[in-house]
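> What follows is a protein structure lacking sequence information:
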């Protein structure tokens, strides 16, 4: 069994690569819910939805989020109410069906785990999707001295402002969702997907018990660097790392992940840093990590699994 | 100034007739919000929306509710999640924009009065729309010994079950929305629209102070019967009246409205009951009351205003 710690777009592509090269029934994804947000009364789980829609082959390939062939009647109607309340967080009409369903079920007393499984089933997702927690955990970022919600920073401000601090509100009182710790303990291979280490993987590790469980499986854990050639392929991981005092390179990623995983998969563009990664205590595995399409994702998945198998049976 | 107590479809048509024959700036509608419901996390105000969309000329003429030219992508996506959670309360994509806006603004601390005015402005509604109250008032009906929400009865059960009791939860603690009592006090003409007396006009009168304010203006008040030839033109007013022990006729309506209005407008189909209506203490005004189209609504409005003018200056 493979257990993947997952954020949004990068993780979703990695998981789709994995289902192409191994039995989906053997994959468990533990997904970040620190980005979850209640907007207009609706409970939105951006990372869970991105993973679900990607695995369903329904994702909008141009944006990496939302559904392909989406219509926008509700957002246009909302925008007609005026600037101040315009739809800064774009929700497509079909996508709204998911948020209405989730909100409805949560209001009826279902847990986020249950609703996530129901949504995955409706989309024909064959891997097991677990939210990191059924409890409230909210990623908040401080910009210009003010703490704001993650989506306000990420979508509202286009992650163009400097981040001074990150906090996971509620994390200390949260429990891992049912099955999360057991899956990590029983996993043959633990994979940290190429997601933002601070605001995608960070919230998962902030749920009490998860970091320790991952550290205990370090020997069987592989991380894929989200930083390639000193840049994030998607999102603000690059300048966020720098703003929070980390080195913006695979070496900076290695410093964050060394206690958690034995191996760091880095891109060929960063081959010259392999030695520096190893100096941080991680094996460096150099391969093509940019998942431009499904074949590239499958090739990366095959390499990651091969490397793990080699380590496991030397 | 004319003040109208209004429910949904019948009231909306009556109001559209009025704006065709008098200055819209002189019309205030006090609208039932006992039917309001939170569904999937969204605050829905069915009667306010029906009045707003009708006055905007945007209502779906076939159903009498919702927007014309509506799309249903969100509902179809929601329905795909399975029977148990199917979209029994149909919300069109454009219509969702209104509910997202209202929910958002209420969450931001705006009152329902403020949001109602904003929504009316966006739709170009020229009359003043007031919710009956900014406070929680919920119409609940008892069917087969169980109390359920009004929309569950009205939409979910297609109002096909017998009603044993009606209650307005929260009403005793609610206050009339700002401007409601003052408008009733200052009105030259008070109009009780052809709406369900029990679950459309009833909740408005249940807000503390409103019934007394209306009774004080009885001489200047005209009610239009929603019962024509012993039947309701729309909705369950007919069997609900009977189930709750009222006579199912304009005479039954007269018994309910006699303390509130001097005049009852009844349809030509009920001309033979004019004497019985007058025996209940109301003047009976016989005219064509079925608003099959805009001209018929305008004609009814003209008759109502004429009758009132005659009374005021005999």
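Sure, I can see it. The model shown is predicted, which means the values in this text are computed figures rather than measured ones.
> Going by C-alpha atoms from here, please, whenever you check contacts or count neighbours.
Noted.
> Show the pLDDT at residue A:313.
At residue A:313 the predicted local confidence, pLDDT, stands at 72.
> neighbours around it, how many?
6 (other C-alpha atoms under 10 Å in any protein chain shown).
> What of residue A:175?
Using other C-alpha under 10 Å: residue A:175 sits among 20 other residues.
> Correct me if wrong: it contacts residue A:206.
No: using C-alpha atoms under 8 Å, residue A:175 makes no contact with residue A:206, being 10.0 Å away.
> which residues does the residue in the stretch 101-250 of chain A that chain B sits nearest to contact?
Residue nearest to chain B within the stretch 101-250 of chain A (C-alpha to the nearest C-alpha): residue A:104, separated by 4.4 Å. The contact partners of residue A:104, by C-alpha atoms under 8 Å, 6 or more residues apart in numbering or on different chains, come to B:39, B:40, B:41.
> List, out of the residues you listed, those positioned next to chain A.
B:39, B:40, B:41 (C-alpha under 8 Å from any C-alpha of the partner chain).
> Buried ones from those, can you make that a PyMOL selection?
The buried residues among the ones next to chain A among the contacts of residue A:104 can be selected in PyMOL (16 or more other C-alpha atoms under 10 Å in any protein chain shown) with this line:
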select buried, chain B and resi 39+40+41
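> Residue A:80: which of the ones next to chain A among the contacts of residue A:104 is nearest?
Comparing the ones next to chain A among the contacts of residue A:104 against residue A:80 with C-alpha to C-alpha places residue B:41 closest, at 21.2 Å.
> Leaving aside the residues adjacent along the chain, what's closest to the closest one?
In this structure, residue B:41 finds its nearest non-sequential neighbour in residue A:41, 4.9 Å apart by C-alpha to C-alpha, 6 or more residues apart in numbering or on different chains.
> Show the contacting residues for that neighbour.
Contacts for residue A:41 (C-alpha under 8 Å, 6+ apart) come out as B:40, B:41, B:42, B:100, B:103, B:104, B:107.
> mind checking how far it is from residue A:107?
11 Å (C-alpha to C-alpha, to the nearest Å).
> anything in contact with each of these two?
B:40, B:41.
> Keep only those of the contacts of residue A:41 that are in helices.
Members of these lying in helices (criterion: DSSP state H): B:100, B:103, B:104, B:107.
> residues in contact with the nearest residue to the first one once chain neighbours are set aside?
Nearest residue to residue B:100 in three dimensions, chain neighbours excluded: residue A:40, at 5.1 Å (C-alpha to C-alpha, 6+ apart). Contact criterion C-alpha under 8 Å, 6+ apart gives B:41, B:42, B:100, B:101, B:103, B:104, B:107 as the residues in contact with residue A:40.
> And residue A:40, what's its pLDDT?
With respect to pLDDT, residue A:40 scores 89.
> show me what contacts residue A:235?
The contact partners of residue A:235, taken as C-alpha under 8 Å, 6+ apart, are A:159, A:196.
> ok so it is a helix residue?
No: assigned with DSSP: H, G, I helix; E, B strand; the rest coil, residue A:235 falls outside any helix and is coil.
> Report pLDDT for it.
The model's pLDDT for residue A:235 equals 87.
> Okay, it and residue A:63: tell me how far apart.
In terms of C-alpha to C-alpha, residue A:235 sits 12 Å off from residue A:63.
> who in the stretch 101-250 of chain A is up against chain B?
By the rule C-alpha under 8 Å from any C-alpha, the part of the stretch 101-250 of chain A lying against chain B is A:101, A:103, A:104, A:107, A:118, A:119, A:122.
> ok, and the most crowded of these?
Busiest of these [other C-alpha under 10 Å] is residue A:101, holding 28 neighbours.
> how would you label the residue nearest to that residue when sequence neighbours are not counted: helix, strand or coil?
In this structure, residue A:101 finds its nearest non-sequential neighbour in residue B:78, 6.1 Å apart by C-alpha to C-alpha, 6+ apart. For residue B:78, the assignment made with three-state DSSP gives helix.
> Confirm for me that residue B:78 is in contact with residue A:103.
No: under the criterion of C-alpha under 8 Å, residue B:78 makes no contact with residue A:103, lying 11.2 Å away.
> and residue A:68, what does it touch?
Residue A:68 touches A:58, A:59, A:60, A:61, counting by C-alpha under 8 Å, 6+ apart.
> How about residue A:252?
Contacts of residue A:252 by C-alpha under 8 Å, 6+ apart are residue A:246.
> following the helix or strand harbouring it, which helix or strand shows up next?
Secondary structure assignment for residue A:252, by DSSP states H and E: helix A:250-257. Using DSSP H and E, the helix or strand that follows helix A:250-257 in sequence is strand A:263-267.
> All the strands of the stretch 201-314 of chain A, residue numbers only.
A:221-224, A:227-228, A:231-232, A:263-267, A:283-287 (DSSP state E, counting those that start in this stretch).
> Any stretches of chain A with poor pLDDT?
Scanning chain A with the threshold set as pLDDT under 70 gives A:83-87, A:314.
> So what's the residue count around the closest residue to residue A:77 other than its chain neighbours?
If the residues on either side of it in the chain are set aside, residue A:77 comes closest to residue B:97, at 4.7 Å by C-alpha to C-alpha, 6+ apart. Residue B:97 has 23 neighbours, counted by other C-alpha under 10 Å.
> Next up, identify which helix or strand residue B:97 is on.
Residue B:97 belongs to helix B:93-107, assigned by DSSP H and E.
> Just want the angle from the helix or strand hosting residue A:47 to helix A:93-107.
Element membership for residue A:47, per DSSP H and E: helix A:46-55. Following axes from the mean of the first three to the mean of the last three C-alpha atoms, to 10 degrees, one obtains 130 degrees for the angle between helix A:46-55 and helix A:93-107.
> so residue A:75 sits right up against residue A:91, yeah?
Yes: contact criterion C-alpha under 8 Å: residue A:75 and residue A:91 qualify, at 6.6 Å.
> So for these two, which residue has more residues nearby?
residue A:75 (24 against 21).
> Could you list which residues are in contact with that one?
A:87, A:90, A:91, A:92, A:93, B:94, B:97.
> Most neighbours among those residues, which one is it?
residue A:93 (26 neighbours).
> Just give the closest residue to that one, not the sequence neighbours.
residue B:74 (4.8 Å).
> What is the burial count for that neighbour?
Neighbours of residue B:74 using other C-alpha under 10 Å come to 29.
> tell me the angle the longest helix belonging to chain A makes with strand A:283-287.
The single longest helix within chain A, with elements called by DSSP H, is helix A:294-312. Relative orientation of helix A:294-312 and strand A:283-287, computed by the same axes, to 10 degrees: 150 degrees.
> packing partners for helix A:294-312?
Using 3 or more C-alpha pairs under 8 Å, 6 or more residues apart in numbering or on different chains; DSSP states H and E, the elements in contact with helix A:294-312 are helix A:9-21, strand A:221-224, strand A:283-287.
> can you do 10 Å?
Helices and strands touching helix A:294-312, by 3 or more C-alpha pairs under 10 Å, 6 or more residues apart in numbering or on different chains; DSSP states H and E, are helix A:9-21, strand A:189-192, strand A:221-224, strand A:263-267, strand A:283-287.
> Of all these, which one comes closest to residue B:11?
Nearest to residue B:11, of all those, is helix A:9-21, at 50.0 Å by C-alpha to C-alpha.
> Work out the gap between the closest one and the centre of the chain.
Relative to its chain's centre, helix A:9-21 lies at 11 Å (C-alpha atoms, centre = their mean, to the nearest Å).
> Provide a list of residues in contact with residue A:244.
A:162, A:163, A:164, A:165, A:166, A:198 (C-alpha atoms under 10 Å, 6 or more residues apart in numbering or on different chains).
> All set, thanks.
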